[in-house]
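Trainee: My questions are about this predicted structure, shown below with the sequence.
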Amino acid sequence: MNSTLFGIYKISFSTQKVHFNMEEHDTSVSINPTTVTVYGVIYYVLTVINFIVTPTYMYVVIFKSKDTMKSFKNLLIAGMPFLIYSTTFISITIPIYAYKICNYQFHGVIKGVSLATNVAMTTALDICDQMNADLMLVMLINRYQIISANFIEHSKFLYPAIYAFLALTNVLQSAILIVKLVLEPIMPSLENSFITNINFFIISTGLILLSRIYAHLKIVFLNRSFATKVKPVITPATLQLHTMLFRAVLSNVFVTIVSKLLYMTLVIGILVDQSSLDILINIVTMFHNISYICEMVITLYFVKPYREFIASFFRRSVEVPIAAFRSNTFQISFH
């Protein structure tokens, strides 16, 4: 399911019929200091959690995955650059949406950037979100491809065609975002082009989103039904592996669905009442960061080798001081 988080903000901007030059547009409008402090504290807490969870997640995925999890591991590694950019971007910029300028202001380590840089960095965040969402779909398809390989003879072109479709539509969506959000404001010649038309933006994004919703529902149903059918004829170890990885990915998809419901709430808010738009957008942006943390924690919990490593690490952390305490304590016995 693709997210057009910043695209939604651009739509809200377009509804106000405001046009601007990126170099001239004022991004220095004052935001209430209390608002900055509250959001800043929340983001800094999330940053600390990110700096603990993300390196742990990367290490465990890379070094603690079993040989039988090779494709799952490779897909998780493929998503790491997008994950790192997303979590790092939010952590070092502390983005707070300002309704008066219909854009973010950065209040973190990075601040006071030009509007062009601001929009480019935020659009890159949106594209990373799309990549991660599609990789989760690829993981579900890959699970079905692997477990059904010995039972169903599919055309050799089927899965390459599916992956190619996902890749091409992902690239198309990214290109539309870049043209609409980054290039249009600095290239006036694109203003009357069909690709920058707001209706084309909404329709193309909607069609791609619908294709992802259908694909998620279809592949979840296929995985569950097929695993039930072949349960009597596959080894318990194979079934356990499939169930474990399937649950991990499905739980992450659930987090994605929840985030999409928030985006839909935001869209309704834009259409109905824009008076509290800045609060809605800032809440959704924070949840965007929280969702990445949730996805990493969910993966670490549901995948048994990862969970066992984390559990063993904490056991060692507790056992060492206890052993040291016992060795330095007098043993008194009564006879």
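Mentor: Yes, it's here.
Trainee: only C-alpha atoms for contact and neighbour calcs from this point on.
Mentor: Fine.
Trainee: Would you list the strands that the helix or strand harbouring residue 106 pairs with, along with their directions?
Mentor: Following DSSP states H and E, one finds residue 106 within strand 103-106. The pairing partners recorded for strand 103-106 under DSSP bridges are strand 95-98 (antiparallel).
Trainee: Which residues outside the strand it pairs with are in contact with it?
Mentor: 29, 31, 36, 39, 103-108, 278, 281-282 (C-alpha atoms under 8 Å, 6 or more residues apart in numbering).
Trainee: How about residue 95: what's its closest non-neighbour residue?
Mentor: Once flanking residues are discounted, residue 95 sits nearest to residue 106: 4.7 Å by C-alpha to C-alpha, 6 or more residues apart in numbering.
Trainee: What residues does the one you found make contact with?
Mentor: Taking C-alpha under 8 Å, 6+ apart as the criterion, residue 106 is in contact with 93-96, 112-113.
Trainee: So which of those residues sits lowest on pLDDT?
Mentor: Within the set of the contacts of residue 106, pLDDT is lowest for residue 112 (83).
Trainee: what residue lies at the spatial centre of this structure?
Mentor: Residue closest to the average C-alpha location in the chain (C-alpha atoms, centre = their mean): residue 129, at 4.7 Å.
Trainee: measure that residue to residue 173 for me?
Mentor: 12 Å (C-alpha to C-alpha, to the nearest Å).
Trainee: How about residue 290?
Mentor: Distance of residue 290 to residue 173, given as C-alpha to C-alpha: 24 Å.
Trainee: Those two: who's more crowded?
Mentor: residue 173 (22 against 18; other C-alpha atoms under 10 Å).
Trainee: Please name the residues that touch that one.
Mentor: Counting by C-alpha under 8 Å, 6+ apart, residue 173 has contacts 204-205, 208.
Trainee: returning to that earlier point: pretty sure the residue nearest to the centre of the chain is touching residue 82, no?
Mentor: Yes - the pair formed by residue 129 and residue 82 meets the contact definition of C-alpha atoms under 8 Å, at 7.3 Å.
Trainee: where do the helices sit along the stretch 101-250 of the chain?
Mentor: Along the stretch 101-250 of the chain, counting by DSSP state H, counting those that start in this stretch, helices occupy 115-148, 158-177, 184-186, 198-230, 236-272.
Trainee: what bits of the chain have low per-residue confidence?
Mentor: For the chain, the stretches with pLDDT under 70 are 1-30, 101, 260-276, 316-335.
Trainee: how about the helices of the stretch 101-250 of the chain in a markdown table, adding distance to residue 315?
Mentor: Formatted as a markdown table, the helices of the stretch 101-250 of the chain follow (distance: least, C-alpha to C-alpha, whole Å):
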| stretch | distance to residue 315 |
| --- | --- |
| helix 115-148 | 31 |
| helix 158-177 | 42 |
| helix 184-186 | 55 |
| helix 198-230 | 35 |
| helix 236-272 | 23 |
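Trainee: Of all these, which one is nearest residue 53?
Mentor: For the helices of the stretch 101-250 of the chain, proximity to residue 53 was assessed by C-alpha to C-alpha; helix 236-272 is nearest, at 15.7 Å.
Trainee: Skip ahead from the closest one and say which helix or strand is next.
Mentor: Per DSSP H and E, the first helix or strand lying C-terminal to helix 236-272 is helix 277-302.
Trainee: report the angle between the axes of that next one and helix 115-148?
Mentor: Following axes from the mean of the first three to the mean of the last three C-alpha atoms, to 10 degrees, one obtains 30 degrees for the angle between helix 277-302 and helix 115-148.
Trainee: Show me what helix 277-302 is packed against.
Mentor: Contact here means 3 or more C-alpha pairs under 8 Å, 6 or more residues apart in numbering; DSSP states H and E; on that basis helix 277-302 packs against helix 33-64, helix 70-93, strand 95-98, helix 236-272, helix 304-327.
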